[in-house]
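Trainee: Structure for this input, please:
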Amino acid sequence: MSLQFLAPKPSAGPRRIRSERPTALVLLSLCCLAALAMAALLGRRLAPTDPARQNLSESGLPPGSAHLLGTDSFGRDILSRVLVGARPALEGPCIVALCATAAAVVLGLLAGFRGGWIEAVIMRAADMVLALPALLVVIVTVGLFTGGYWLAVVMLIVLTAPSGTRVIRSAVLAQRTLPYIEAARTVGVTNRRLMFVHILPNISATVVASLLLDFVGSLIALSSLSFLGLGSPPGTPDWGKMLVENRGLLEQNPSAAVAPAVLLIVAAFSMTVLGDWAYSRLEEGKNVRD
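Mentor: The predicted structure follows:
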């Protein structure tokens, strides 16, 4: 049975779709993220030298022709370590954002669409997790079990998913009462198809925004753990760990600590700008379709 008779009638005048090109800031953010992704994928090939090679006779050198960003206290090339460190700095946040958002989508759809005791169980569990001080819980857990980087990633997935679950549940509640849901029910559409085929595309803007913001939050959290000595093992070229290892070189070679800090800021800022732009574009496209 077709649902075409339920489509809204066109307005009297033609509806014009506002064509909005990405701003210069959005394009710059995309370029920055593309460069960071390339560094994460090809960091070892792009690095001019071995990031682990030590040369104490060149310790603490300022930027020069031999070392574009200078060296650290062990004589290791900062540019090489920054390029190779992009992978551990960005890999964990990507995994956290993807897994936490996937869990939030499933739980948010179930809670918002099914309601009843399913919603009560999911939301009370989410409230309990949200009541915990997330970063402190991760610090205590990683320090107690000495699990390192990947245990921190798993803990952040568990602690990040509830906030996305609440946001997605709210978006689902707004969709559940719309006429197209009732119409689909009358023609026998299953609940699973309603949730994942009909409702999920209509809340895609919320899902994308939640995904990108989860990336930013986990990037800051994992870098903070590395700064505290938790997460990546000693000697690993990780941006957060480079901050604490090179803070004593601010007078000799400031770029040793400034470079990883700037890259963390650029990654977080660029992803935030992209998330805001993607949300507005998806919402605008949905409003035009409606």
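Trainee: which is the next helix or strand following the helix or strand residue 192 falls within?
Mentor: Secondary structure from DSSP states H and E places residue 192 in helix 191-193. Downstream of helix 191-193, the next assigned helix or strand under DSSP H and E is helix 200-202.
Trainee: could you give the mean pLDDT of the host helix or strand of residue 87?
Mentor: Using DSSP H and E, residue 87 falls within helix 86-109. For helix 86-109, mean pLDDT is 93.
Trainee: Name the residues of that helix that come out as buried.
Mentor: 86-90, 92-97, 99-101, 103-109 (16 or more other C-beta atoms under 10 Å). Where you see a C-beta, it was placed from the backbone N, CA and C, and this is true even at glycine.
Trainee: OK, contacts around residue 226?
Mentor: 232, 238, 239, 240, 241, 243, 244 (C-beta atoms under 8 Å, 6 or more residues apart in numbering).
Trainee: since we're on the nearest residue to the first one once chain neighbours are set aside, how many residues are nearby?
Mentor: The reference is to residue 232. Using C-beta to C-beta, 6 or more residues apart in numbering and skipping residues adjacent in sequence, the residue nearest residue 232 is residue 238, 4.1 Å away. If you count neighbours by other C-beta atoms under 10 Å, residue 238 ends up with 27.
Trainee: so residue 238 makes contact with residue 87?
Mentor: No - assessed by C-beta atoms under 8 Å, residue 238 is found out of contact with residue 87, at 9.1 Å.
Trainee: isn't residue 255 right up against residue 70?
Mentor: Yes - using C-beta under 8 Å, residue 255 is in contact with residue 70, at 5.5 Å.
Trainee: Overlap in contacts, the two.
Mentor: In contact with both residue 255 and residue 70: 62, 63, 78, using C-beta under 8 Å, 6+ apart.
Trainee: next one: phi and psi at the second one?
Mentor: Here is the backbone geometry of residue 63 (degrees, to the nearest 10): phi -60, psi 140.
Trainee: Chain neighbours aside, what residue packs nearest to it?
Mentor: Nearest to residue 63 is residue 70, by C-beta to C-beta, 6+ apart, at 4.7 Å.
Trainee: right, and the helix or strand after the host helix or strand of residue 37?
Mentor: In this structure, residue 37 sits in helix 24-46 according to DSSP H and E. Heading C-terminal from helix 24-46, the first helix or strand you meet, by DSSP H and E, is helix 78-84.
Trainee: Show me what that following helix is in contact with.
Mentor: Outside helix 78-84, the residues touching it (C-beta under 8 Å, 6+ apart) are 39, 43-44, 46-51, 67-72, 237, 239, 242, 246, 253, 255-256, 259-260, 263.
Trainee: so how many other residues sit close to residue 149?
Mentor: Residue 149: 19 neighbours (other C-beta under 10 Å).
Trainee: What is the helix or strand containing residue 169 packed up against?
Mentor: According to DSSP H and E, residue 169 maps onto helix 148-176. Packing partners of helix 148-176 (3 or more C-beta pairs under 8 Å, 6 or more residues apart in numbering; DSSP states H and E): helix 86-109, helix 116-130, helix 134-145, helix 204-227.
Trainee: Out of these, which is closest to residue 163?
Mentor: Closest approach to residue 163 among the helices and strands packed on helix 148-176 is made by helix 116-130 (6.4 Å; C-beta to C-beta).
Trainee: The closest one to helix 134-145, inter-axis angle?
Mentor: Relative orientation of helix 116-130 versus helix 134-145 (axes from the mean of the first three to the mean of the last three C-alpha atoms, to 10 degrees): 70 degrees.
Trainee: Just want the angle from helix 116-130 to helix 86-109.
Mentor: 150 degrees.
Trainee: Look up how far residue 202 lies from residue 164.
Mentor: Per C-beta to C-beta, to the nearest Å, residue 164 is found 17 Å from residue 202.
Trainee: So between these two, which is more surrounded?
Mentor: Between residue 164 and residue 202, counted using other C-beta under 10 Å, residue 164 has the larger neighbour count: 26 against 18.
Trainee: so what's that one up against?
Mentor: Contacts of residue 164 by C-beta under 8 Å, 6+ apart are 100, 101, 103, 104, 105, 108, 210, 214.
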